[in-house]
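> next come a sequence and a model predicted from it.
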Amino acid sequence: MSATVVPESASVDAARAVASTTRGHRRRPRRRMWIGLAFIAPALVLNLIVIGGPSISNIYYAFTDWSGLGPATFTGLDNAVRLFQDQSFWNALTHNFIYMAFFLTVPIAMGLFGAFALSRVRRGAAFFRVAFFIPYLIASVVNAAIWKNILDPQAGLAAALDKIGIHWLDNVYFLGDPKLALGSVMFVDNWHFWGFLVVLFLAATTGIDGARYEAARIDGANAWQEFWHVTLPGIRPTLIFALTIISLWSLLAFDYSYALTGGGPAGSSDLISLLVNRTAFGANEAGYAAFMGLVTSVLGAVILIIIGLLRRKDDES
Amino acid sequence: MTTASSSIAGTTDGERTHRKREKKVDDMRPGGLKRTPISFIVLVVLSLFAILPVLVLALNSFKSDSELATNPLGLPTSWDLSNFEQAWTMGGIGQGLANSAILVAGTVIGIWIVAGSAAYALARLYVPFKRTISFYLLIVISLPAQMFLVPLFFLWTKLGLYDNLLGLILIYIALNTPFATLLMRTFLAGIPMELDEAARLDGANEWQVATKVMLPLARPGFMTTGLVVGLAVYGELFFATIFLSSPNLLPLSTAFLAFQQGFTRLYGVTDAAGLIMILPVIVLFLLMQRNFVTGLAASGVKG
């Protein structure tokens, strides 16, 4: 947007400059610069204090034995060596990548499916949209409480099924069994998230030219072919955007693991963000936690670069 | 509320009137109306998947513990409000609501001022290194919180901003500024240039142009941004967990979590507390659906 705005105001500037005196001509651009900076300064200063500055100092602290209090001594690659041998880090990182694989597929499929179905009905469309969206509006702690209740083997779905004589879920501890904990956390997180993708994809779908659907129909396309050949290419930028943010969010996932299982049992649903939190503020190993944060950020950057390269390659072909 | 109730009414007779409409209306939607019954069934199933768990929360909040044991997911036998009373007095819900209100109001107002003026500068004023600044904002949006969390925590401790609502508000403003600035910039860029240029030619100074001309025109954009940011702050857990510890400062999200962990498996009381927490958001959403959806969709498409 700024690209179209800038030349226009520049030409107005030029016209004004010609009309004004030579002194005004020289002074005005400088004054305008200060006005512009004054408007943008609060945002930049606050951002640099909270995010920019700490991010840069994090690079230094990552290579120290800092405890959070007192001075930090530079320890070179000690943290890197330690991290490489740290089972709990690889355990958490593996879970983050499982999270990523799950969220790049299941909610994307549900979101596309829901948005496509929603674009084909008229009756009740507003109701469905609201219904899909409500879990996304509810705070994560409340969603976690809802599912703790439903997944409780004695008080939730299992108990309700018992009443009608179905005993499949007896003694299935979704959140207490190391084999099921991470899957359950991802299930609940996705339950709250996929509706957002429906709304996102639906907004993109409405931007597709109706004539393209008509052309597909005249050619005898069925629903699947319409979806594959018209809808999917039509929302491609939005889809890529969704895949990008999901990849980044998967490295940051915190709420549902923290509120549902606390990372347990026995680290079976632990994630990087929980581990950094424990290491820095529980074990007072701020330097080591800073290094974990640095590694996570580098991974995020690598993912962004890979996505960028894939897009460029795709655009060329 | 009106949109929701009318659309709920719409679904109940939706399937019945469906075949009639099919013959009359020549629909331009993808696939036409011929194939919609399948879509309709899919949508009903998906909406039940989304809504039923929330309904369980609402229904269980009226049940006593003994009733929960015999009737885990069904309708309550009586609409007993004692769980709400207990949640309010024991769960610190009132204090939590007040703290959350301070955090939400402080952050939204701060965002309007800080990000609003930055967006105005980027959309309308001459700013040196404009492209660099926009690029910085994009980088910051995609930076994982772990990258700055540890130094920020100890900086805030040193500055006395740890365990302090203002400290958390400043963090929330900084975190939401990049996205909010880019979102509001697109709204501001949509306002015709002639309006503020005319005001300048009439002798208005920059402050007057920004507050008297641009601000009223940008109201819908500010509204939308405020809703998106407010929603994010209301439910925020990660920074609230780390940066607040005094019980009397906890916002609803962490207060609720502590309450729920203290009352493990007393689902009636915790569900009542949860219902109190989500009700304001759902009511606000139903009233301002359009703003919410355009804001969240725009934050997706533009971000």
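Cool, got the structure.
> quick one: low-confidence ranges for the stretch 1-150 of chain B?
By pLDDT under 70, the low-scoring segments of the stretch 1-150 of chain B are B:1-36.
> strands along that one, start to end?
Remark: strands of the stretch 1-150 of chain B are absent; assignment by DSSP state E, counting those that start in this stretch.
> give me the three-state assignment for A:Gly165.
Taking DSSP: H, G, I helix; E, B strand; the rest coil as the rule, one finds A:Gly165 in the coil state.
> quick check: pLDDT value at the residue nearest the centre of chain A.
Here the mean C-alpha position of chain A is nearest to the C-alpha of A:Trp249 (Cα atoms, centre = their mean), at a distance of 2.9 Å. We note a pLDDT of 88 for A:Trp249 in this prediction.
> run a quick neighbour tally on the closest residue to chain B within the stretch 101-250 of chain A.
Here the stretch 101-250 of chain A gets closest to chain B at one residue, A:Ala139, 3.3 Å apart by Cβ to the nearest Cβ. Just so you know, the C-beta spots here come from the backbone N, C-alpha and C atoms, and that holds for glycine as well. A count of nearby residues for A:Ala139, using other Cβ atoms under 10 Å in any protein chain shown, gives 26.
> how many neighbours does the closest residue to it other than its chain neighbours have?
Closest residue in space to A:Ala139, ignoring its immediate chain neighbours: B:Gly235 at 3.3 Å, by Cβ to Cβ, 6 or more residues apart in numbering or on different chains. A total of 24 residues lie near B:Gly235 under the criterion other Cβ under 10 Å.
> give the contact list for B:Gly235.
Applying Cβ atoms under 8 Å, 6 or more residues apart in numbering or on different chains, one finds that B:Gly235 lies in contact with A:138-141, B:253, B:281.
> hmm, try it at 6 Å
Counting by Cβ atoms under 6 Å, 6 or more residues apart in numbering or on different chains, B:Gly235 touches A:139-140, B:253.
> how about low-confidence regions in the stretch 51-200 of chain A?
Along the stretch 51-200 of chain A, segments meeting pLDDT under 70 are nowhere present.
> and the residue nearest the centre of chain B, what's its pLDDT?
Among the residues of chain B, the smallest C-alpha distance to the mean C-alpha position (Cα atoms, centre = their mean) belongs to B:Leu231, namely 2.0 Å. The score at B:Leu231 is 89. That number is its pLDDT.
> quick check: residues of the stretch 151-300 of chain A near chain B?
Counting by Cβ under 6 Å from any Cβ of the partner chain, the positions of the stretch 151-300 of chain A adjacent to chain B are A:155-156, A:159-160, A:195, A:199-200, A:203, A:210, A:213, A:223, A:226, A:248, A:251-252, A:254-255, A:259, A:276, A:280, A:286, A:289-290, A:293, A:296-297, A:300.
> how far away is A:Leu202 from B:Lys63?
Here the criterion is Cβ to Cβ, to the nearest Å. By it, A:Leu202 lies 36 Å from B:Lys63.
> thinking again about what came up before, in helices, which of the contacts of B:Gly235 fall?
Using DSSP state H, the members of the contacts of B:Gly235 that fall within helices are A:140, B:253.
> nearest to B:Leu57 among the contacts of B:Gly235?
If you rank those by distance to B:Leu57 using Cβ to Cβ, A:Ala139 comes first, at 11.9 Å.
> which stretches of the stretch 201-317 of chain A form strands?
In the stretch 201-317 of chain A, no strands are defined using DSSP E, counting those that start in this stretch.
> wait, the residue of the stretch 101-250 of chain A closest to chain B sits on B:Ser253?
Yes - with contact defined as Cβ atoms under 6 Å, A:Ala139 counts as touching B:Ser253 (5.5 Å).
> count of residues packed around B:Leu286?
Taking other Cβ under 10 Å as the criterion, the count of residues near B:Leu286 is 17.
> give me the element it is part of.
For B:Leu286, the host element (DSSP states H and E) is helix B:267-287.
> list the buried residues of that helix.
Neighbour counts using 16 or more other Cβ atoms under 10 Å in any protein chain shown place B:267-278, B:281-282, B:284-286 of helix B:267-287 among the buried residues.
> ok, and which of those reach chain A?
If you filter these for contact with chain A, counting by Cβ under 6 Å from any Cβ, you are left with B:267, B:270, B:274, B:277-278, B:281, B:285.
> how near is the nearest residue to A:Val172 once chain neighbours are set aside to A:Thr261?
Distances taken as Cβ to Cβ, 6+ apart place A:Pro153 nearest to A:Val172, at 6.0 Å, with adjacent residues excluded. With distances taken as Cβ to Cβ, A:Pro153 is found 15 Å from A:Thr261.
> check A:Phe291 too.
Counting by Cβ to Cβ, the separation of A:Phe291 from A:Thr261 is 25 Å.
> neighbour count for those two, which is higher?
Between A:Phe291 and A:Thr261, A:Phe291 has the larger neighbour count (other Cβ under 10 Å), namely 28 against 24.
> go ahead and confirm the more buried one touches A:Asp78.
No - under the contact definition of Cβ under 6 Å, A:Phe291 does not touch A:Asp78, with a separation of 9.2 Å.
> residue contacts, the residue lying closest to A:Ala125 once chain neighbours are set aside?
In space, and not counting its chain neighbours, A:Ala125 is closest to A:Leu118: 6.0 Å by Cβ to Cβ, 6+ apart. Residues counted as contacts of A:Leu118 (Cβ under 6 Å, 6+ apart) are A:125, A:128, A:202.
> dump those residues to TSV, plus distance to A:Gly36 and neighbour count.
Written out in TSV, the entries for these read as follows (distance: Cβ to Cβ, whole Å; neighbours: other Cβ atoms under 10 Å in any protein chain shown):
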residue	distance to A:Gly36	neighbour count
A:Ala125	44	20
A:Phe128	46	27
A:Leu202	38	24
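> which of the residues you listed fall in helices?
Among the contacts of A:Leu118, the members that lie in helices (by DSSP H) are A:125, A:128, A:202.
> how about the contacts made by the second one?
Shown here is A:Phe128, whose contacts under the criterion Cβ under 6 Å, 6+ apart are A:118, B:43, B:47.
> and those residues, which is closest to A:Thr94?
Closest approach to A:Thr94 among the contacts of A:Phe128 (Cβ to Cβ): B:Ser47, at 34.4 Å.
> run through the residues that contact the closest one.
Shown here is B:Ser47, whose contacts under the criterion Cβ under 6 Å, 6+ apart are A:128, A:131.
> now do 8 Å
Counting by Cβ under 8 Å, 6+ apart, B:Ser47 makes contact with A:127-128, A:131-132.
> now swap in B:Glu236 and tell me
Contact partners of B:Glu236, counting by Cβ under 8 Å, 6+ apart, are B:172, B:251, B:253.
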